[in-house]
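Chemist: Quick one: sequence and predicted model below, then my questions.
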Amino acid sequence: MVQNLMPPPPEKRLTFLAVSLGACLLLCPPVSHPQSVQDEPNRTGKPVQAETPEDYNRRLQQLNQSLATPAVDSEQGEYRIGAHDLLEINVFEAPDLNRSLRVSAGGEISMPLLGAVQSSGLTARELEGTLEVRLRQYMKDPHVGVFVTTVESHPVSVVGAVKKPGVFQIRGTKTVLEMLSMAEGLSDDAGDEVLVMRGAGLHFGSDSNGGSANPASQSPSQKQMPAGAADDLSYNDTIKINLKDLLESGDQRFNVAVYPGDIVKVTRGGIIYVIGDVKKPGGFVLKTDQNMSVLKAIALAEGLNATAAKSRTKIIRTDEKTGQRFEFPIDLGKVLAGKTPDTPLKPADIVFIPNSSGKTMLYKGSEAAVATASGLIIWR
């Protein structure tokens, strides 16, 4: 018998394809993707956010510009001369009396013909009037110009986790954002809190005899606050400001005023390092109220790569007192499966996840891991 080799009509071919496709969907199991570590924070509904210190400082500069207060034109807002300031004195009718003078620790300058003239606590305009009155006994109508060329009596110390800590001389009143900008922003290990210690700089250099080793802490400088500012100050009080509230809300209430003699301190936050076969290795800054664990740290590193050797994960910890390093092996696969508890971490801990391939040889020992961690990007 001769077989019919003619192809089936188009209607039958479509019916055959539909039946085959339906059978495939019924018989083939759905493809399941392995659960990754970065899914851990999603169960809490809080997405992982990581910012570099550059992003943090960029936000600081933007807020500093937007919250900048206009200069006060009234006499109360003018700079008041203090001890050790350098003044330029010009007597227009008598050029021989022109000179540069430094205010003494007692707040005086010494002028020819006039002798000692009390200057501390006066504005440049007020000192001009005082000198003109004193010179009238020698001249008919003297005109005097006073310019403060160097400020040495209004120090504010910015210390802690900033790029350029130091003592900054200010004119009048500044804000926390302005002082942080003068210190060139936050360092990589900055925490989440800024402390403004009222008047602490006035007593920082006191000696055992009740005097002051720091010229800026002499009593005349205490009189050089802007008019009315002393009523608002309580020396040795500390104002605590949350950096997140200040930078994210932009609320002017958090941008408190800073006066001469204050100390601005940025607290340091601990850093957890995650290195090895993860998607985003680096250091992650800890907040003061944040509890960090291995799973949270790996979630911040955006999870493991497919080639990660989870069972050979290590925690490298340094003893703060002795400086000795210890290694704690953990089986990350069992932690992910819920068979063993998650391990809490301490500041400066290093979580090292090796590669399951021959690339593991690149990370021999804790010394190589620590050296690698020291060159990583710090994420906020």
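Modeler: Sure, I can see it. Note that the structure is a prediction, hence the values are computed from the model and not measured.

Chemist: Do I have it right that Gly82 meets Ala105?
Modeler: No. Assessed by CB atoms under 8 Å, Gly82 is found out of contact with Ala105, at 10.3 Å. Where you see a C-beta, it was placed from the backbone N, CA and C, and this is true even at glycine.

Chemist: Compare the two (neighbour count), which wins?
Modeler: Gly82 (28 against 15; other CB atoms under 10 Å).

Chemist: quick one, strands of the stretch 251-380 of the chain?
Modeler: Secondary structure of the stretch 251-380 of the chain by DSSP state E, counting those that start in this stretch: the strands cover 257-258, 263-268, 271-276, 282-285, 313-318, 325-330, 350-353, 378-379.

Chemist: Columns distance to Met292, mean neighbour count and mean pLDDT on top of the ones you listed, output as CSV?
Modeler: Listed next are those as CSV, based on distance: least, CB to CB, whole Å; neighbours: other CB atoms under 10 Å; pLDDT from 0 to 100:
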stretch, distance to Met292, mean neighbour count, mean pLDDT
strand 257-258, 32, 21, 90
strand 263-268, 15, 22, 91
strand 271-276, 5, 24, 90
strand 282-285, 8, 24, 86
strand 313-318, 12, 20, 92
strand 325-330, 15, 13, 90
strand 350-353, 10, 26, 93
strand 378-379, 13, 20, 70
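
Chemist: List the residues that contact the residue nearest to Asn305 when sequence neighbours are not counted.
Modeler: Counting by CB to CB, 6 or more residues apart in numbering, Asn305 lies nearest to Asp277, which is 4.7 Å off, once chain neighbours are set aside. Going by CB atoms under 8 Å, 6 or more residues apart in numbering, Asp277 touches 304-305, 307-309, 353-356.

Chemist: let's see it at 6 Å
Modeler: Contact analysis of Asp277 by CB atoms under 6 Å, 6 or more residues apart in numbering lists 305, 307-308, 353, 355.

Chemist: Give me the pLDDT value at it.
Modeler: For Asp277, the pLDDT comes out at 91.

Chemist: likewise Arg58?
Modeler: 79.

Chemist: Can you get me a residue count around it?
Modeler: Arg58, neighbours per other CB under 10 Å, totals 13.

Chemist: Doesn't it lie inside a helix?
Modeler: Yes. Counting by DSSP: H, G, I helix; E, B strand; the rest coil, one finds Arg58 located in a helix.

Chemist: Next one: it relative to Ser181, how far apart?
Modeler: Applying CB to CB, to the nearest Å, the value for Arg58 to Ser181 is 12 Å.

Chemist: same check, this time on Lys279
Modeler: 34 Å.

Chemist: the more surrounded of the two?
Modeler: Shown here are Lys279 and Ser181; by other CB under 10 Å, Ser181 has more neighbours (20 against 15).

Chemist: how much space between the more buried one and Thr175?
Modeler: In terms of CB to CB, Ser181 sits 9 Å off from Thr175.

Chemist: With Ile315 instead?
Modeler: Ile315 is 42 Å from Thr175, by CB to CB.

Chemist: next one: Asn242
Modeler: Distance from Asn242 to Thr175, counting by CB to CB: 16 Å.

Chemist: These two: which is more packed in?
Modeler: Thr175 (19 against 16).

Chemist: tell me which residues in stretch 112-126 are buried?
Modeler: Across stretch 112-126, burial judged by 16 or more other CB atoms under 10 Å covers 117, 119-124, 126.

Chemist: what does it rub up against?
Modeler: 78, 80-83, 97, 103, 107-111, 127, 134, 138, 146, 148, 220, 223-224.
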